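Asks: below: sequence and its predicted model.
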Amino acid sequence: MKYFKTLTFMLFSIFTTAVCAAPKVLIVLTSHAQMGDTEEQTGFWLTELTHPYYELTKSGIEVDIASIKGGPAPIDPRSINQNEKDTQTFLEDKALMAKVYTTLKLSQVNGKDYNAVLYSGGHGTMWDFTQDPNINNISRDIYLNNGIVAALCHGPAALLNIQLNNGQYLIDGKKITGFTNEEEKQIKLDKVVPYLLETELKNRGAQFEAAQPWQSKVVIDQRIVTGQNPQSAQAVGKALVKLLK
């Protein structure tokens, strides 16, 4: 009888731990630092990391940060706004900045360890997200394990080549948003980027939705979450928290 009670308590403890375990999210950053053939620097857009990061962590969700190559991830210098609260907090927090300088190498990440993945934006993603096989494998593992695949601004470049086990593209027939052709034209980079993200998402069969340029827009279709632009970063974080909780 004593043995039975002990075994029951152990099983209950294991079950309770599993049920109460905090969700875990992987945020992926670009490793690409050059804007096409120009001499201009690029990388990831800082608020597209900080806003979701703080929304997730303040809700008790564990966050790891990875990049395509691992190690230091380049911050787009245009995105460093010292007057923006989350940016200033992040830049002054040595422990958090260390995560950006020592990102996990994506090829060494196991997607089955996470409940969600978020592909953060920035123009660098247009060069190194699309063809990376690790993005496809990790995203597929998370999605097929009932997890969430999310992407923000130019981050949906990561979604273009993700295929499920049946060969169907993940975004085929799904409602998706991302940085629009009009927004790209307004900042005069439509001739610099290797392709227009909105156009390629549509070519993959996505049902593309968009707000007016520079307005916040988040689209949720089943377990795919996308945000249109930097103004959507906080809302994407909130949407992830709601779905994960």
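Replies: Nice, thanks for sending it over.
Asks: output stretch 33-40 as CSV, nothing but the C-alphas.
Replies: Extracted in CSV, the C-alpha atoms of stretch 33-40 (Å, rounded to 0.1, in the frame of the first residue of the first chain):
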residue,chain,number,x,y,z
ALA,A,33,24.4,42.4,-42.6
GLN,A,34,24.7,44.0,-46.1
MET,A,35,21.9,45.6,-48.0
GLY,A,36,22.3,43.9,-51.4
ASP,A,37,24.9,45.4,-53.6
THR,A,38,25.0,48.7,-51.7
GLU,A,39,27.4,49.6,-48.9
GLU,A,40,24.5,50.2,-46.5
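Asks: and L104, how far from Q234?
Replies: 24 Å (Cβ to Cβ, to the nearest Å). No exception for glycine: its C-beta is placed from N, CA and C like everyone else's.
Asks: same drill for these two, tell me which one is more crowded.
Replies: Neighbour comparison, L104 and Q234: the larger count goes to Q234, with 20 against 16 (by other Cβ atoms under 10 Å).
Asks: in three-state terms, label that one for me.
Replies: Following DSSP: H, G, I helix; E, B strand; the rest coil, we place Q234 in the helix state.
Asks: how near is the spatially closest residue to G43 that is not a sequence neighbour to G205?
Replies: The shortest distance from G43 to any non-neighbouring residue, by Cβ to Cβ, 6 or more residues apart in numbering, is to P74 (3.2 Å). Applying Cβ to Cβ, the value for P74 to G205 is 32 Å.
Asks: higher neighbour count, these two?
Replies: Legend: neighbour count by other Cβ under 10 Å for P74 and G205, higher for P74 (19 against 14).
Asks: enumerate the positions of stretch 201-214 that are buried.
Replies: Judged by neighbour count (16 or more other Cβ atoms under 10 Å), stretch 201-214 contains these buried residues: L201, R204, A206, F208, E209, A210, A211, P213.
Asks: for these, work out which two are farthest apart.
Replies: Within the buried residues of stretch 201-214, two members stand farthest from each other by Cβ to Cβ: R204 and P213, at 22.3 Å.
Asks: next structured bit after the helix or strand containing L49?
Replies: Using DSSP states H and E, L49 falls within helix 47-57. For helix 47-57, the following helix or strand on the C-terminal side (DSSP H and E) is strand 62-67.
Asks: tell me which residues are up against stretch 130-148.
Replies: 26, 28, 68, 106-107, 109-112, 114-117, 119, 129, 149, 157-165, 170, 223-225, 240, 243-244 (Cβ atoms under 8 Å, 6 or more residues apart in numbering).
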